[in-house]
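> Curious how this folds, go ahead:
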Amino acid sequence: MGRMFGTDGVRGVANEELTPLLAMQLGQAGAHVLSKEANHKPTIMVGCDTRISGDMLANALMAGACSVGANAVYVGVLPTPAVAYLAKKYKVDAGVVISASHNPVEFNGIKFFDGNGYKLPDEMEDEIEALIKSNMKGVNFPTGSGVGKIKYRTDAREEYINHSIRSVNVDLSGLKIVVDCAEGASYYTSVEALKELGANVVAIHNNPDGTNINANCGSTHMEELCARVVYEKADLGLAFDGDADRMLAVDENGKLVDGDQIMSIIGNYMKDNGTLKQNTIVVTVMSNLGMSLSAKEHGINLEQTKVGDRYVLEHMKAHDYNLGGEQSGHIIFLDRNTTGDGLLSALLLLQVVVDTKKKLSELASIMEVLPQALVNAKVPNHKKEHYMEYPEVAAAIEELNKKFAGEGRVLIRPSGTEPMVRVMIEGKDQAMIEQEAKKLADLIQQTVL
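Just a heads-up that it's a prediction; the model follows:
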């Protein structure tokens, strides 16, 4: 079995891979590891997205935390960035989000934040995993008054909305915005925040029923939003994912504006206003080559990390940068929050639109998106790290690297959150790179069984 924690916590099919038992053990081990230095009864804040398995797993995790003497505060359905922010604001020992982000409803996940709102380093996750595998060796299970208790809070979402508005207090009067909430955690917070700032909001996919999260909607399925923006004659559209730590946009013509373009727009605005630290944006190796060309033209330095927002964040913290993120719309504004924050990204993008009085299509033209093809090969989770051990796959990748040398690039990597190997090719001819990416993905899928 591989490492329990992926790039974004522990993920799996709920009640099959991510069971209530495992959730309870994560609650026990997580509470113990995160609070062992504390000289007080520790408190863990727990929130979740809208998927039906959230209550089951949240309650199991909180039971585990209480069994080792920690208290739990349950804040219910909230975006991931809200839990990160509130964990720090209320000075709890840790925050936990029960969510599988952009994945389908049958999946769920558990991710931890420390008391400062940051995702845990690999070493701490490994310590939690080791404790579970040792059957909680050395952990004390108190009785009587030593057992923890659970407190339920219903006001947390208003706290997050107010914080977001205070962070970017922009007047959106006169703007018509279509918002796709992905039937997820942003169904209330994003709509209310935009309305309070004066926008005319057309909300879609904001009626979660526990089973429809991310179902042909949200930031991974943009087709309906693109069409709806044009139909409504709206100024722009915004799409969140299931736990609302990502945001992608659509311009007034119904054209997608991805995370690279959003970072380019806001980064250039920040540079012009003297607020982009060291004139640097941190991105991953998956970012479009067009972003590099645009950054160079506008005097902005780009620094690359491996894929995963946790690695972007680590690099930002280590070098004191304040803007970084991923093409998928997971963008971190470190001066304002400790993790990707879809609502914050939306408000900062809208601030640029309002202040420059430019349409989003004009702002997005700051970078040319070069043709890129991304195809997923479905492979077993325990084999996705080993695709290069198959000679025919290694040979095919070497051949592709030779083919695109100097005129594009080939990037193959295992997904950090799903049983997949992702094949990305960048080049000049969209049809050709799509054909080559599909051919390689098919080979990997058929070979790595």
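
> ranges for the strands of the stretch 51-200 of the chain?
Ranges of strands in the stretch 51-200 of the chain, per DSSP state E, counting those that start in this stretch, are 71-77, 94-98, 107-114, 150-152, 176-180, 200-204.

> Tell me which residue lies farthest from the centre of the chain.
residue 144 (39.9 Å; C-alpha atoms, centre = their mean).

> In the stretch 301-449 of the chain, what residue spans correspond to strands?
Going by DSSP E, counting those that start in this stretch, the stretch 301-449 of the chain shows strands at 301-305, 323-325, 331-333, 372-378, 409-414, 420-426.

> State the mean pLDDT of stretch 409-425.
Across stretch 409-425, the average pLDDT comes to 89.

> Least confident secondary structure element in this structure?
Every helix and strand in the chain was compared by mean pLDDT, DSSP states H and E; the lowest is strand 409-414, with a mean of 90.

> what's in contact with it?
285-286, 289, 306-307, 384-385, 387, 397, 400-401, 404, 420-426, 440, 444 (C-beta atoms under 8 Å, 6 or more residues apart in numbering). Quick note: C-beta positions are derived from backbone N, CA and C, even for glycine.

> Please list all residues in contact with the residue farthest from the centre of the chain.
Applying C-beta under 8 Å, 6+ apart, no residues qualify as near residue 144.

> And the pLDDT at it?
97.

> Let me know the angle separating the single longest helix found in the chain from strand 420-426.
Longest helix of the chain, by residue count under DSSP state H: helix 430-447. Per axes from the mean of the first three to the mean of the last three C-alpha atoms, to 10 degrees, the angle that helix 430-447 makes with strand 420-426 is 160 degrees.

> Packing partners of helix 430-447?
strand 372-378, helix 391-404, strand 420-426 (3 or more C-beta pairs under 8 Å, 6 or more residues apart in numbering; DSSP states H and E).

> out of the strands of the stretch 301-449 of the chain, nearest to residue 96?
strand 331-333 (19.6 Å; C-beta to C-beta).

> Could you tell me which strands the closest one is paired with, and in which direction each runs?
The strands beside strand 331-333 in its sheet (DSSP bridges) come out as strand 323-325 (antiparallel).

> what's in contact with the strand it pairs with?
For strand 323-325, the surrounding residues in contact (C-beta under 8 Å, 6+ apart) are 259, 263, 266-267, 270, 276-277, 280-283, 309, 312-313, 315-316, 331-334, 340.

> Among the residues you listed, name the ones in helices.
259, 263, 266-267, 270, 309, 312-313, 315-316.

> from those residues, which has minimum pLDDT?
residue 309 (87).

> could you pull out the helices for the stretch 151-300 of the chain?
156-167, 186-196, 223-232, 259-272, 289-297 (DSSP state H, counting those that start in this stretch).

> Figure out which of the ones you listed is closest to residue 44.
Using C-beta to C-beta, the helices of the stretch 151-300 of the chain put helix 156-167 closest to residue 44, at 14.1 Å.

> which outside residues touch the closest one?
In contact with helix 156-167 (C-beta under 8 Å, 6+ apart) are residues 47, 75-79, 81-82, 85-86, 89, 188-189, 192-193, 196-197, 336-337, 341, 343-344, 347.

> Any chance of a PyMOL selection covering the buried ones in the residues you listed?
Only the buried entries of the contacts of helix 156-167 go into this PyMOL selection, using 16 or more other C-beta atoms under 10 Å:
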select buried, resi 47+75+76+77+78+79+81+82+85+86+188+189+192+193+197+336+337+341+343+344+347
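
> related to what we said a few turns ago, switch the helices of the stretch 151-300 of the chain over to CSV; also include distance to residue 210.
Output for these, formatted as CSV (distance: least, C-beta to C-beta, whole Å):
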stretch, distance to residue 210
helix 156-167, 18
helix 186-196, 12
helix 223-232, 21
helix 259-272, 28
helix 289-297, 37
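
> Least confident of those, on average?
Among the helices of the stretch 151-300 of the chain, helix 289-297 scores lowest, at a mean of 92.

> Centre of the chain to that one, how far?
Its chain's C-alpha centre and that of helix 289-297 lie 24 Å apart, by C-alpha atoms, centre = their mean, to the nearest Å.

> Equivalent analysis for stretch 62-75, please.
25 Å.

> What of stretch 340-348?
Per C-alpha atoms, centre = their mean, the centroid offset for stretch 340-348 relative to its chain is 12 Å.

> Residues in contact with it: which ones?
79-81, 164-165, 167-168, 170, 186, 189-190, 193-194, 197, 238, 240-241, 244-247, 249, 262, 266, 309, 325, 329-333, 336-337.

> how does it look with 7 Å?
79, 81, 164, 167-168, 170, 186, 189-190, 193, 238, 240, 244-247, 262, 266, 309, 325, 330-333, 336-337 (C-beta atoms under 7 Å, 6 or more residues apart in numbering).

> rewinding a little: paired strands for the least confident helix or strand of the chain, with orientation please.
strand 420-426 (antiparallel).

> ok, back up a step: out of the helices and strands packed on helix 430-447, which is closest to residue 24?
Of all the helices and strands packed on helix 430-447, strand 420-426 comes closest under C-beta to C-beta, at 28.3 Å.

> give the contact list for residue 242.
Residue 242 neighbours (C-beta under 7 Å, 6+ apart): 49, 99-102, 182, 184-185, 213-214, 218.

> Quick check on it: phi, psi?
Torsion angles at residue 242 (phi, psi; degrees, to the nearest 10) stand at phi -60, psi -40.

> Distance check, it against residue 212.
Using C-beta to C-beta, to the nearest Å, one gets 10 Å for the distance from residue 242 to residue 212.

> Also residue 81?
22 Å.

> Domains in this structure, by residue range?
Segmentation of the chain into domains, based on automatic domain parsing, reads 10-154, 159-364, 372-447.

> what's the span of the last one, first residue to last?
Looking back up the chat, that one is domain 372-447. 24 Å (C-alpha to C-alpha, to the nearest Å).

> Great, nothing more from me.
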